[in-house]
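>>> Got a predicted structure here, sequence first:
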Amino acid sequence: MSMKLVIVGGVAGGATAGARARRLDENAEIVMFERGSYISFANCGLPYHIGQVIKKRDDLLIATEELFRKRYRIDVRTRNEVLAIDRFGKTLRVKNHKSGEEYTESYDKLILSPGAEPIRPPCRGVESEKLFTLRNMEGMDRIKAFVDKNNPSAAVVAGGGFIGLEMAENLVFRGIQTTVVERLDQVMTPLDPDMAGFVHAHLREKGVELVLGDGIASFQEENGRMVVSTENGRRFVCDMGILSVGIRPETRLAVDAGLTIGETGAIAADPTMRTSDPDIYAVGDAAEVSDYVSGHKTLTALAGPANKQGRIAADNAMNRPSVFPGTLGTGIVKIFDLACAQTGINEKTAASRNIACRVSHTHSGSHAGYYPGAKTVSIKLVFAPHDGAILGAQVVGRDGVDKRIDVIATAMYSKMSVFDLQHLELAYAPPYGSAKDPINIAGYAASNMIKNDVDNIHVHELAGLDPDEYVLLDLRTKIERKLSGTIEGALQIPIDDLRDRIGELDRQKTYIAYCAVGYRAYLACRVLTQNGFAAKNLSGGYSTWAMAPSIADDSPGV
């Protein structure tokens with residue numbers, strides 16, 4: 001008698017599980033329920049169809065219901081919603097939204113891939129027809145139809161995460177003046193504040209009004225338009241709103257069935273993706289998994305991990321042992337001309353989990369500087385203080401961000417350290433890279449810190465320093481200072497004049513050296529310390545300082 005596998009939910013996790021299960025067992029009976037109309041579509045492409053970057057709607061359909069039936073012999077039932085799980089009878093109660101009927105379906109093994117739902121904050125007016133969320137094809141269709149028909153002139157996006165910023169970009173592409181309201185003091189929470197500053201500057205450069213540290217209080221319609229009020233009393237008049245304040249795992253089925261819910265609020269799953277019921281698996285946004293770096297329980301709403309989890313759950317359901325090793329949370333987002341990527345844990349997370357770490361900032365060219373078109377790639381490494389194990393990284397820039405974050409993610413998965421990054425032999429030709437790739441440079445900077453070749457200080461550590469003890473030392477040229485500014489009160493000695501003017505310095509002071517990106521400051525620190533001076537390198541230099549003005553404004557007038 002053949003085994004019967006039932007899958008609840010499609011897209012990355014469920015659809016992958018179904019296809020994998022069929023490859024493993026040609027005789028199994030496989031049934032897939034999807035309450036929506038589409039079994040497999042490109043979630044991450046939805047904003048770009050609204051913005052008309054992706055012209056053809058059907059290009060977002062990865063696999064159709066018909067393809068799954070013909071190619072994989074899977075009984076796909078769209079617009080059929082699973083209402084309840086009877087674990088003891090091993091049956092499901094299902095509602096067919098096409099016919100309105102309810103019926104029972106049995107299973108031997110069950111894979112849950114219900115995903116996550118957008119959070120709708122409990123504020124007045126949240127049910128307005130001019131307020132949208134984006135989760136699926138239907139949501140995309142509603143937003144695009146509204147924009148196409150009404151030609152709105154202004155929009156407010158509530159939330160500055162991945163979807164919120166992608167929607168802001170694509171609304172701007174449609175000629176809509178867009179405001180992003182974010183309750184936190186920064187957008188893109190996977191980034192640390194010093195890296196998010198690059199995003200803030202770029203959004204404003206592109207005409208997006210950015211409101212930070214303020215949440216949405218209410219939505220109301222006045223004279224045919226929408227008025228968005230914030231918790232701090234600001235009012236924005238617009239024609240539409242996008243809710244992107246976060247997501248929560250869809251766990252109702254699991255909770256009602258008595259499955260264990262983990263500390264993150266998602267369905268608890270072991271490394272085989274098995275839940276507390278040995279015949280039920282959970283994958284994707286609704287499943288709680290382990291962080292690859294720290295081992296802590298976490299959520300990851302990313303297509304890549306969901307795809308892998310679906311495959312692993314299918315393996316185990318079909319009696320082929322397979323284990324999910326944990327997630328690095330590697331992700332990247334395009335925000336106009338900027339790419340922002342992260343992997344592993346950031347400095348904020350390390351602090352919240354009492355994980356000892358050090359960080360380095362480097363700013364390098366995306367390819368050889370003498371070849372036209374090189375752009376700055378900014379890398380923040382988070383690493384263990386003693387052995388240099390890489391805990392995480394953030395990369396921001398206009399070109400070459402994707403390949404650098406992928407190299408670091410691969411290095412982390414392979415348990416490499418910052419010392420290994422120094423020696424990676426990466427492809428180099430002038431249009432594509434440099435003889436010393438930004439990855440190598442990041443490795444050198446972090447390794448120098450561990451070997452005590454340089455003592456770094458970070459932008460947020462400047463606040464509260466005694467100007468009688470610490471002196472900022474600007475090593476840039478007069479032209480650089482004129483073009484980009486300087487930190488108030490800094491002593492100005494160009495790096496090439498430092499040895500000749502070293503007699504002007506006070507051995508009773510500690511000098512905080514900085515340049516544009518940190519390299520000349522590193523050289524200065526080597527000169528100063530070997531001449532008996534106390535010196536620190538401002539990590540990332542003026543480039544990092546300038547992107548964290550709210551922090552830098554509190555620095556001492558030294």
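Everything's here; your move.
>>> from here on, contacts and neighbour counts on C-alpha atoms
Will do.
>>> So, low pLDDT: which residues of this protein?
1, 549-558 (pLDDT under 70).
>>> how does it look with 50?
550-558 (pLDDT under 50).
>>> in the host helix or strand of Lys482, what's buried?
Assigned by DSSP states H and E, Lys482 belongs to helix 478-484. Neighbour counts over helix 478-484 (16 or more other Cα atoms under 10 Å) mark Arg481 as buried.
>>> other SSEs contacting whichever helix or strand comes after it?
With elements assigned by DSSP H and E, the helix or strand that comes after helix 478-484 is strand 491-492. With contacts taken as 3 or more Cα pairs under 8 Å, 6 or more residues apart in numbering; DSSP states H and E, strand 491-492 sits against strand 470-474.
>>> by contact count, what packs against the strand it packs on?
strand 491-492, strand 510-514.
>>> one more time with 10 Å, if that's ok
Where contact means 3 or more Cα pairs under 10 Å, 6 or more residues apart in numbering; DSSP states H and E, strand 470-474 is packed against strand 491-492, strand 510-514, helix 519-530, strand 534-538.
>>> Relative to the second one, what are the paired strands and their orientations?
In its sheet, strand 510-514 lies beside strand 470-474 (parallel), strand 534-538 (parallel), with partners assigned from DSSP bridges.
>>> which residues does Ser113 contact?
With contact taken as Cα atoms under 10 Å, 6 or more residues apart in numbering, Ser113 is in contact with 7-15, 17, 33-34, 250-251, 281-287, 306, 309-310.
>>> brain fart, Ile30
Counted by Cα under 10 Å, 6+ apart, Ile30 has contacts 3-7, 18-19, 21-22, 72-76, 107, 109-110.
>>> Tell me if I'm right that Leu424 and Ala435 touch.
No. Leu424 lies out of contact with Ala435 (Cα atoms under 10 Å); the separation is 11.1 Å.
>>> Just the C-alpha atoms of stretch 189-205, please, in PDB.
Extracted as PDB, the C-alpha positions of stretch 189-205 are listed here (Å, rounded to 0.1, in the frame of the first residue of the first chain):
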ATOM      1  CA  THR A 189      16.600  46.000  11.200                       C
ATOM      2  CA  PRO A 190      19.000  43.200  10.100                       C
ATOM      3  CA  LEU A 191      21.500  46.000   9.600                       C
ATOM      4  CA  ASP A 192      23.200  47.800  12.600                       C
ATOM      5  CA  PRO A 193      22.500  51.500  12.800                       C
ATOM      6  CA  ASP A 194      25.900  52.500  11.400                       C
ATOM      7  CA  MET A 195      25.100  50.600   8.200                       C
ATOM      8  CA  ALA A 196      21.500  51.600   8.000                       C
ATOM      9  CA  GLY A 197      22.700  55.200   7.700                       C
ATOM     10  CA  PHE A 198      23.700  54.500   4.200                       C
ATOM     11  CA  VAL A 199      20.200  53.400   3.400                       C
ATOM     12  CA  HIS A 200      18.600  56.500   5.100                       C
ATOM     13  CA  ALA A 201      20.800  58.800   3.000                       C
ATOM     14  CA  HIS A 202      20.000  57.000  -0.200                       C
ATOM     15  CA  LEU A 203      16.300  57.000   0.300                       C
ATOM     16  CA  ARG A 204      16.300  60.800   0.900                       C
ATOM     17  CA  GLU A 205      18.500  61.300  -2.100                       C
END
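>>> distance of the residue of the chain most remote from its centre from Ile493?
Within the chain, Gly503 marks the point farthest from the mean C-alpha position, 48.0 Å out by Cα atoms, centre = their mean. Note on Gly503: its distance to Ile493, by Cα to Cα, to the nearest Å, is 12 Å.
>>> Equivalent analysis for Thr78, please.
For Thr78 relative to Ile493 (Cα to Cα), the value is 69 Å.
>>> which stretches of the stretch 51-200 of the chain form helices?
For the stretch 51-200 of the chain, the helices defined by DSSP state H, counting those that start in this stretch cover 65-72, 137-150, 162-173, 193-205.
>>> Rebuild the ones you listed as TSV, extending it with mean neighbour count and distance to Gly326.
As requested, the helices of the stretch 51-200 of the chain are exported to TSV (neighbours: other Cα atoms under 10 Å; distance: least, Cα to Cα, whole Å):
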stretch	mean neighbour count	distance to Gly326
helix 65-72	14	29
helix 137-150	16	29
helix 162-173	23	22
helix 193-205	19	25
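>>> Export those to JSON lines and append columns for distance to Ile390.
Output for the helices of the stretch 51-200 of the chain, formatted as JSON lines (distance: least, Cα to Cα, whole Å):
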{"stretch": "helix 65-72", "distance to Ile390": "41"}
{"stretch": "helix 137-150", "distance to Ile390": "38"}
{"stretch": "helix 162-173", "distance to Ile390": "24"}
{"stretch": "helix 193-205", "distance to Ile390": "18"}
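>>> The ones you listed: which one's closest to Asp185?
helix 193-205 (8.2 Å; Cα to Cα).
>>> any idea of the angle that closest one forms with helix 162-173?
20 degrees (axes from the mean of the first three to the mean of the last three Cα atoms, to 10 degrees).
>>> Sort out for me which of the contacts of Ile30 are in strands.
Under the assignment DSSP state E, the contacts of Ile30 contribute Lys4, Leu5, Val6, Ile7, Asp75, Val76, Lys109, Leu110 to strands.
>>> Could you pull up the residues touching the second one?
Think Leu5. Shown in contact with Leu5 (Cα under 10 Å, 6+ apart): 17-18, 21-22, 28-32, 74, 106-111, 279-280, 314, 317-318.
>>> now do the third one
Applying Cα under 10 Å, 6+ apart to Val6 gives the contacts 14, 18, 29-33, 74-75, 91-92, 105-112, 280.
>>> Filter those residues down to just the buried residues.
14, 18, 29-33, 74-75, 91-92, 106-107, 109-112, 280.
>>> you'd agree Asn537 is up against Leu523?
Yes. Counting by Cα under 10 Å, Asn537 touches Leu523, with 9.3 Å between them.
>>> shared neighbours, the two?
By Cα under 10 Å, 6+ apart, the residues touching both Asn537 and Leu523 are Val454, Ala513.
>>> Tell me which of these two has more neighbours.
Asn537 (27 against 14; other Cα atoms under 10 Å).
>>> State the distance from the closest residue to that one other than its chain neighbours to Pro494.
Nearest-residue entry for Asn537: Asn456, 4.6 Å, with adjacent residues in sequence omitted and distances by Cα to Cα, 6 or more residues apart in numbering. With distances taken as Cα to Cα, Asn456 is found 19 Å from Pro494.
>>> go on, Ser434?
26 Å.
>>> same thing with Arg35?
65 Å.
>>> Identify the bridge partners of the residue lying closest to Asp387 once chain neighbours are set aside.
Using Cα to Cα, 6+ apart and skipping the chain neighbours, the partner closest in space to Asp387 is Ser417 (7.3 Å). Going by DSSP bridges, Ser417 is paired in beta bridges with Ala389.
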